[in-house]
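Student: need the 3D shape of this:
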Amino acid sequence: MLTVGVDIHKKTLTICVLDESDKPVITKRIENTVEKVVEFLSPYRGDAREKFPPPHTTDVGRIKQI
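Tutor: Take a look at the predicted model:
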């Protein structure tokens with residue numbers, strides 16, 4: 001199973017997909033739109049779970065299902 005971490009900003013998101021040993025598979029900055037997120041994560045559909053942001057993060061965004 002893969003883990004997906006998302007760093008949320010007003011105009012962009014940085015998304016990191018990690019493998020089972022927490023090694024990065026891919027990290028990319030994309031536009032903060034639903035369409036871009038779905039496009040980016042679609043190859044990993046069904047293989048990923050959510051990773052909550054660190055405690056100091058004030059914005060929490062989670063993608064339930066793509």
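
Student: pretty sure Phe40 sits in a helix.
Tutor: Yes. Assessed with DSSP: H, G, I helix; E, B strand; the rest coil, Phe40 lies in a helix.

Student: that one touches Lys28, doesn't it?
Tutor: Yes. Phe40 is within contact range of Lys28, at 6.5 Å (criterion: C-beta atoms under 8 Å). Yep, even glycine has a C-beta here, placed from its N, CA and C like the rest.

Student: these two - which one has more neighbours?
Tutor: Phe40 (18 against 11; other C-beta atoms under 10 Å).

Student: mind checking the SS state of the residue lying closest to the more buried one once chain neighbours are set aside?
Tutor: Spatial nearest neighbour of Phe40, excluding adjacent residues (C-beta to C-beta, 6 or more residues apart in numbering): Ile30 at 5.5 Å. When classified by three-state DSSP, Ile30 comes out as strand.

Student: lowest average confidence, helix or strand, in this structure?
Tutor: strand 48-50 (a mean of 56; mean pLDDT, DSSP states H and E).

Student: ok, back up a step: the residue nearest to Phe40 pairs with what?
Tutor: Under DSSP bridges, the beta-bridge partners of Ile30 are Leu13.
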